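**Q** model this:
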Amino acid sequence: MRKYLKRVSIAFSIFLNVLLGGRINQTFSARNWQRKRDKKINLVYIINTIFRNNDHCWESWVKWTIINHAIKKYDEEMGFDRKRRHWYE
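**A** Numbers count the residues shown, from 1 in each chain. Below you'll find the predicted structure:
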């Protein structure tokens, strides 16, 4: 049951991020770490405090970055055209 709740929480985080204009398949935590890197207003401190983990947003961003690069590499190798840009990318 705990594993299920964790997956539902991640799915909700991705849904919230996309609703707020974030990139597809990126969690709200990962987005806020990217905003911190870009020196924009972010909620990293608040999110990390809620999760009681000072590296929560950073860890989420690292996971998302690895997955995102793997998907792009797969698309390139399979010959899918990813040059087209969408409003959410």
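**Q** what are the ranges of the strands in the chain?
**A** Remark: no strands are assigned in the chain by DSSP state E.
**Q** Check what contacts the longest helix anywhere in it and list those residues.
**A** Assignment by DSSP state H gives helix 56-78 as the longest helix of the chain. Helix 56-78 is contacted from outside by 23, 25-27, 29-30, 32-34, 36-37, 44, 47-48, 53, 82, using Cβ atoms under 8 Å, 6 or more residues apart in numbering. For the C-beta atoms, the positions are set from N, CA and C on the backbone; glycine is no exception.
**Q** Please identify which of these is nearest to residue 3.
**A** Comparing the contacts of helix 56-78 against residue 3 with Cβ to Cβ places residue 27 closest, at 16.9 Å.
**Q** how far away is that closest one from residue 72?
**A** Distance from residue 27 to residue 72, counting by Cβ to Cβ, to the nearest Å: 18 Å.
**Q** Looking at the two, which one has more neighbours?
**A** residue 27 (25 against 12; other Cβ atoms under 10 Å).
**Q** In space, what's closest to the more buried one - neighbours in sequence excluded?
**A** Nearest residue to residue 27 in three dimensions, chain neighbours excluded: residue 13, at 4.2 Å (Cβ to Cβ, 6 or more residues apart in numbering).
**Q** right, and the one you found touches residue 29 too?
**A** Yes. Contact criterion Cβ atoms under 8 Å: residue 13 and residue 29 qualify, at 6.6 Å.
**Q** Pick out whichever of these two has more residues nearby.
**A** residue 29 (25 against 19).
**Q** For residue 80, see how far away the more buried one is.
**A** Per Cβ to Cβ, residue 29 is found 28 Å from residue 80.
**Q** Residue 43: neighbouring residues, count only.
**A** Neighbours around residue 43, by other Cβ under 10 Å: 17.
**Q** Need phi/psi at it.
**A** Per-residue torsions, residue 43: phi -120, psi 30 (degrees, to the nearest 10).
**Q** Just confirm it contacts residue 33, I think it does.
**A** No. Residue 43 lies out of contact with residue 33 (Cβ under 8 Å); the separation is 10.0 Å.
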